[in-house]
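Participant: sequence unknown, structure follows:
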Ligand code: NCD
């Protein structure tokens, strides 16, 4: 990480680079850092609605002492005055902006921004492609529970095919030696998704007794049309509820990247389950994003 200019995807990070992020996040949680981004301008450019990720990046930048500017699409001249995104990025570069955090519905948008930008780009989610900082905070939360993830069994349940979170997390879990099972109906977990020898399961009830962790996903309705699976069918087969929680091992944990839909992929009993780690994920999100930005900007210093 420390020699990288940008974080666009998780696929290309080696295990030691992942561990470097986790170590720095842990250090920042033990002790609030000095103003390590003093004089560094950070621009957050979000083309999609976001509560968690947007606030989390803002807090991370502020806690490192950065100068934070938030740009919404309505403020961009490239969208309503005929400028190209390339020219917008050249303009932001010329102002000496150090860090550009980008979320966009199009796959590859942050990577094309990075080609024209002199500073560091962090992908905050691009279409169905990648969401590397979400995967990092999920991995960090898992490691906090289990120590090493080697041979730990993790089920990712739900709308995997439309989920950038699942794509990035799968890459990280495989890198750290976890056993991953993708669980869901064919329309959300196609057989070919697992080109990489990851097990695909249709029957959640069969999987639950065997896993250390369950990561639930939201059905990403904004990314497809029609109703490939009715809510009734999805709830009957995949919603995590009290009878299904009872099938888990005592030490098992349940996570969700948020936003979660009560009544669809989970019910209220999950929110009361002792192994429900959603708020820890959110908490770690800030320190993991601090670590990512600090490593990109300051390296190992
Ligand atoms: C996710 C996203 O936007 O990709 N949320 C997040 O960043 N925490 C998942 C989702 O929208 O379901």
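Facilitator: Nice, thanks for sending it over. All of these numbers come straight from a predicted model, not from anything done at the bench. Numbers count the residues shown, from 1 in each chain.
Participant: who touches the lowest-mean-pLDDT helix or strand in the chain?
Facilitator: For the chain, the helix or strand with the lowest mean confidence is helix 77-80, at a mean of 74 (criterion: mean pLDDT, DSSP states H and E). Contact partners of helix 77-80, identified using C-beta atoms under 8 Å, 6 or more residues apart in numbering, comprise 73, 83, 84, 85, 87, 88. Bear in mind the C-beta positions are built from the backbone N, C-alpha and C, glycine included.
Participant: excluding residues flanking it in the chain, which one is nearest the first one?
Facilitator: Using C-beta to C-beta, 6 or more residues apart in numbering and skipping the chain neighbours, the partner closest in space to residue 73 is residue 47 (5.2 Å).
Participant: sorry, back to before: which of the contacts of helix 77-80 fall within strands?
Facilitator: Using DSSP state E to define strands, no part of the contacts of helix 77-80 is located there.
Participant: how is the chain partitioned into domains?
Facilitator: 10-128+284-298, 132-281 (automatic domain parsing).
Participant: kindly reformat these as JSON lines containing mean neighbour count.
Facilitator: JSON lines is the format used below for the domains of the chain (neighbours: other C-beta atoms under 10 Å):
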{"stretch": "domain 10-128+284-298", "mean neighbour count": "18"}
{"stretch": "domain 132-281", "mean neighbour count": "18"}
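Participant: next, format those as CSV and append distance to the ligand.
Facilitator: Listed next are these as CSV, based on distance: least, C-beta to the nearest ligand atom, whole Å:
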stretch, distance to the ligand
domain 10-128+284-298, 4
domain 132-281, 4
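Participant: redo those as CSV? Include distance to residue 4.
Facilitator: Converted to CSV, the domains of the chain look like this (distance: least, C-beta to C-beta, whole Å):
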stretch, distance to residue 4
domain 10-128+284-298, 6
domain 132-281, 11
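Participant: rewinding a little: tell me the contacts of the residue nearest to residue 73?
Facilitator: 73, 102, 103, 104, 105, 109.
Participant: one more time with 7 Å, if that's ok
Facilitator: Residue 47 makes contact with 73, 103, 104, 105 under the criterion C-beta atoms under 7 Å, 6 or more residues apart in numbering.
Participant: residue boundaries of the strands in the protein?
Facilitator: For the chain, strands defined by DSSP E occupy the ranges 41-46, 67-71, 99-104, 120-126, 153-157, 179-183, 199-201, 213-216, 253-255.
Participant: mean confidence score for stretch 245-263?
Facilitator: In this model, stretch 245-263 has a mean pLDDT of 97.
Participant: for stretch 94-109, same thing?
Facilitator: The average pLDDT within stretch 94-109 is 96.
Participant: got the contact list for it?
Facilitator: Taking C-beta under 7 Å, 6+ apart as the rule, stretch 94-109 contacts 40-48, 50, 53, 57, 92, 110, 113, 117, 119-129, 293, 297.
Participant: what about that stretch, distance to the chain center?
Facilitator: Put simply, stretch 94-109 sits 16 Å off its chain's centre (C-alpha atoms, centre = their mean, to the nearest Å).
Participant: next one: stretch 110-128
Facilitator: 15 Å.
Participant: same thing with stretch 6-26?
Facilitator: That offset, for stretch 6-26, works out to 13 Å (C-alpha atoms, centre = their mean).
Participant: residues contacting that stretch, please?
Facilitator: 1-2, 110-111, 114, 120-123, 130, 132, 135-136, 139-140, 143, 168, 171-172, 175-176, 284, 287-288, 290-292, 294-296.
Participant: what's the span of it from first residue to last?
Facilitator: 21 Å (C-alpha to C-alpha, to the nearest Å).
Participant: where along the stretch 201-301 of the chain do the helices fall?
Facilitator: Assigned by DSSP state H, counting those that start in this stretch, the helices in the stretch 201-301 of the chain fall at 204-207, 231-238, 242-245, 268-272, 278-298.
Participant: quick one: the helices in the stretch 1-150 of the chain?
Facilitator: 15-30, 52-63, 77-80, 85-94, 109-116, 132-146.
Participant: mean pLDDT for the ones you listed: which is lowest?
Facilitator: Within the helices of the stretch 1-150 of the chain, confidence is poorest for helix 77-80, with a mean of 74 (mean pLDDT).
Participant: how far does that one sit from the chain's center?
Facilitator: The chain centroid and the centroid of helix 77-80 are separated by 28 Å, computed with C-alpha atoms, centre = their mean.
Participant: with stretch 162-175 instead?
Facilitator: Distance of stretch 162-175 from the chain centroid (C-alpha atoms, centre = their mean) equals 8 Å.
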